[in-house]
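Q: next input, structure requested:
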Amino acid sequence: MEIKEYIELHQQRFLDELCGLLRIPSVSANPGHKKDMKAAAEFLKDRLMDAGVDHAEIMPTKGIPVLYAEKIINTSLPTVMVYGHYDVQPADPVELWNSDPFEPVIKENKIFGRGADDDKGQLYMHVKAFEYLVKTNQLSCNVKFIIEGEEEIGSPSLKEFCKQHKELLKSDIILISDTTMIAQDTPSITVGLRGISYLEVDVTGPNRDLHSGLYGGAVINPVNVLTKMIASLTDNNNSVLIPGFYDDIILVDEEERKQLSRAPFNSETFKKSIDVDEIGGEKGYTTLEHIGLRPSLDVNGIWGGYTGEGAKTIIPSSAHAKISMRLVPNQNSMNIDKIFTEYFKSLAPKGVKVNVRSLHGGEGYLAPLDSKAYHAASKALEKTFGKVPVPIRSGGSIPVVADFEQVLGVKSILMGFGLDSDAIHSPNENFPLYNFYKGIETIPWFYKYFTA
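A: Residues are numbered from 1 along each chain as shown. From the prediction side, this is the model:
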């Protein structure tokens with residue numbers, strides 16, 4: 001039976017099963033969802049057993065458990081290991097959702113719900129593609145699944161898990177769908193990811209909130225100080241001013257910049273999609289290069305003082321911010337943490353105390369365009385979309401991809417089917433049904449070409 005026929009025969013079941021997974025609020029950032037994390041892992045374990053794995057096990061880590069499953073048909077054959085994650089981002093702000101984030105809704109040929117794209121929908125494509133290969137006796141290699149529950153909080157336990165289970169996790173390639181494609185009619189393969197350094201900063205002044213009339217002008221205001229310190233992190237050209245920040249970057253040559261420019265991009269459409277009049281970025285680079293080739297620094301949140309209804313005239317005792325830096329390959333997140341901390345503290349005037357702590361970090365990743373896995377993915381996408389895919393560098397981060405290479409010595413292929421319009425990490429996250437079924441259709445072709 002051909003894959004298209006199999007999908008048509010089972011598409012409602014596939015969708016019903018995905019809805020069942022999306023109903024589980026597996027939010028890793030909230031300890032109150034511990035039971036939901038277990039429920040999501042158990043759900044996927046059962047579905048993998050139904051699909052035909054020989055063994056599936058929920059394995060402990062120092063944090064949230066990892067689901068491991070395998071089907072070994074012949075140890076002399078290549079092994080593909082599928083990676084995904086069953087945890088999702090918090091649904092906040094819930095009031096901006098048009099429907100319950102954990103009660104999936106089908107409308108406009110899309111499925112809406114937290115995790116619909118990132119990563120439950122994309123992960124589940126692999127479960128169903130594997131099911132097809134097993135049920136139709138077309139599986140041509142060994143398959144392993146490693147599915148974690150901590151990706152959305154930086155995968156703090158997975159690197160150690162990989163070190164402890166190197167033999168178990170031996171494979172020839174790691175196949176991942178947790179990225180986007182350019183458009184429904186323009187397939188792409190992500191060949192680069194940015195790393196990340198994510199920190200929280202505190203600026204503390206007086207030992208309590210003070211009356212701004214009695215103390216204003218005489219006492220240093222931590223919120224004023226923090227905003228000035230943040231403003232000193234970048235210049236008017238949007239370049240980062242931290243000494244040494246750019247030292248380890250390997251400049252991209254003109255040929256790769258030319259390859260990246262193949263991706264269709266319309267700045268007016270881009271601006272309209274996010275409802276802004278102008279776009280920014282580091283001077284001297286295009287928008288796609290800002291996202292894929294260059295590092296960045298952004299304030300993700302800032303708070304301090306009184307923010308409720310009405311007026312409360314105080315000088316706040318403290319101010320806080322969360323700051324992330326997206327890094328490019330060859331920048332080291334631990335080094336960036338260090339030089340950021342040193343520079344940030346140097347900006348503080350006397351009269352305040354500054355604390356900086358790292359929340360999580362990870363390294364960037366580059367995949368070769370001349371590997372067998374890349375060619376297999378390219379041929380698979382061309383087979384089902386009718387177009388040769390464009391290689392792209394993503395602005396996002398999947399820290400564990402670099403960990404896989406470092407610990408297991410295995411490269412990853414990033415064959416994503418999400419779209420930029422899917423609103424991952426935002427209210428009304430969605431995944432087009434076309435992409436969901438197209439992913440299931442394409443993945444078996446990757447296996448065929450990789451093992452040919």
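
Q: my guess is residue 232 meets residue 241, correct?
A: Yes. In this structure residue 232 lies within contact range of residue 241 using Cβ atoms under 8 Å: 6.7 Å. (Each C-beta comes from the backbone N, C-alpha and C, glycine too.)

Q: select the longest helix from the protein.
A: helix 3-22 (DSSP state H).

Q: buried sites along that one?
A: For helix 3-22, burial by neighbour count (16 or more other Cβ atoms under 10 Å) applies to 3, 6, 7, 10, 14, 15, 17, 18, 19, 21, 22.

Q: again with stretch 412-426
A: Under 16+ other Cβ under 10 Å, the buried positions of stretch 412-426 are 412, 413, 414, 415, 416, 417, 418, 419, 422, 423, 424.

Q: excluding residues flanking it in the chain, which one is nearest the second one?
A: Across the structure, with Cβ to Cβ, 6 or more residues apart in numbering as the measure, the residue nearest residue 413 apart from its sequence neighbours is residue 373 (4.4 Å).

Q: check the offset of the helix or strand hosting the one you found from the chain's centre.
A: Assigned by DSSP states H and E, residue 373 falls within helix 372-385. Mean-position distance between helix 372-385 and its chain equals 22 Å (Cα atoms, centre = their mean, to the nearest Å).

Q: swap in stretch 273-293?
A: 19 Å.

Q: now do that stretch, average pLDDT.
A: Across stretch 273-293, the average pLDDT comes to 90.

Q: what do you get for stretch 427-440?
A: pLDDT averaged over stretch 427-440 gives 98.

Q: ditto for stretch 53-67
A: Stretch 53-67 comes out with an average pLDDT of 98.

Q: for the residue nearest to residue 413, give its distance to residue 80.
A: Counting by Cβ to Cβ, to the nearest Å, the gap from residue 373 to residue 80 is 9 Å.

Q: which neighbours do these two share?
A: Common neighbours of residue 373 and residue 80 are listed as 173, 175, 450 (criterion: Cβ atoms under 8 Å, 6 or more residues apart in numbering).

Q: out of those residues, who has the most neighbours?
A: residue 175 (25 neighbours; other Cβ atoms under 10 Å).

Q: list the contacts of that one.
A: Neighbours of residue 175 in contact, by Cβ under 8 Å, 6+ apart: 80, 81, 82, 83, 126, 373, 412, 413, 415, 443, 446.

Q: switch to 7 Å and redo it
A: Applying Cβ atoms under 7 Å, 6 or more residues apart in numbering to residue 175 gives the contacts 80, 82, 413, 415, 446.

Q: next, give me the two most distant ones among those.
A: Across these, the longest distance by Cβ to Cβ is 11.5 Å; it joins 80 and 415.

Q: tell me the bridge partners for residue 183.
A: residue 186 (DSSP bridges).

Q: can you check residue 199 too?
A: On the basis of DSSP bridges, residue 199 is bridged to residue 323, residue 358.

Q: what pLDDT does it get?
A: So, for residue 199, pLDDT stands at 98.

Q: ok, now how distant is residue 9 from residue 220?
A: 69 Å.

Q: ok, now residue 284?
A: Applying Cβ to Cβ to residue 284 and residue 220 gives a distance of 37 Å.

Q: just residue 6 next, same as before
A: 67 Å.

Q: residue 356 in helix, strand or coil?
A: strand (DSSP: H, G, I helix; E, B strand; the rest coil).

Q: thanks a lot, catch you later.
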